[in-house]
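K.L.:
What would the 3D arrangement of this be:
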Amino acid sequence: MKNINYSHRQERRVLWQVLAINFFFFTLEMLTGFIADSMGLVADSLDMLADSIVYALSLFAVGGTVSRKKNIARAAGYFQLALAILGFAEVIRRFVGHGETPDFHLMIIISIIALAGNAICLYLLQKSESQEAHMKASMIFTSTDVIVNLGVIVAGVFVYLTDSKLPDLTVGAIVFALVGRGAYKILQLSK
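P.N.:
Prediction:
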């Protein structure tokens, strides 16, 4: 019993840490995404918000029944799926609309900083060695975030090279495809 309580405290501590990191980066990337007119940064910020909500939900799962943990993972999966659909709609809206070419400097700098934050989150989650569904779902989200950050950095380089918004919109679409894929994995995990 003592070992289980220690494990639950450890899971809670890790979840609070990654929640704080993700919420900070949601705020930073959302603000700079609008300033830079970057769909890639906005998409990543929304993904960070979704992760923050998932981590908050996961805090409710710690110490709960297997059924409760799976229900929370399922809710997180559906939330991610809704985010992916809304994100695709925004990418399409920007693609057909007349938007500005994003500020590649901000895209690259903020994404490098966010990459460091996500690497820390992934390290903390992996270090916990939890095999619970809600913790595995958290690792899936964070692994996707690392890939997304790299994608936004690459898009920033291509925005610079092409002086076009298309690389940014492309990475925004890819981000939301990855979010959708992550949602599918989490929904499978929650069965």
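
K.L.:
quick one: A137 and Q188 touch, right?
P.N.:
No. Applying C-beta atoms under 8 Å as the test, A137 and Q188 come out as separate, 10.6 Å apart. C-beta here means a position set from N, CA and C on the backbone, and glycine is covered the same way.

K.L.:
Output the below-cut-off pLDDT ranges for this structure.
P.N.:
Low-confidence regions of the chain, defined by pLDDT under 70, span residues 1-6, 61, 63-64, 98-99, 132-134.

K.L.:
50 - rerun?
P.N.:
Under the criterion of pLDDT under 50, none of the chain is flagged as low confidence.

K.L.:
Show me the longest helix that occurs in it.
P.N.:
Looking only at the chain and at elements set by DSSP state H, the helix with the highest residue count is helix 2-36.

K.L.:
helix or strand right after it?
P.N.:
Heading C-terminal from helix 2-36, the first helix or strand you meet, by DSSP states H and E, is helix 39-61.

K.L.:
Name the residues that touch stretch 100-115?
P.N.:
The contact list for stretch 100-115, computed with C-beta atoms under 8 Å, 6 or more residues apart in numbering, reads 25, 28-29, 32, 35-41, 44, 48, 145-146, 149-150, 152-153, 155-157, 159-160, 163-165, 168.

K.L.:
How far away from the center of its chain is that stretch?
P.N.:
Remark: stretch 100-115 is offset 16 Å from the chain centroid, using C-alpha atoms, centre = their mean, to the nearest Å.

K.L.:
Just the buried residues of whichever helix or strand F88 is part of, please?
P.N.:
Using DSSP H and E, F88 maps to helix 66-96. Residues of helix 66-96 classed as buried under the neighbour-count rule (16 or more other C-beta atoms under 10 Å) are 69-77, 79-81, 83-84, 87-88, 90-91, 94.
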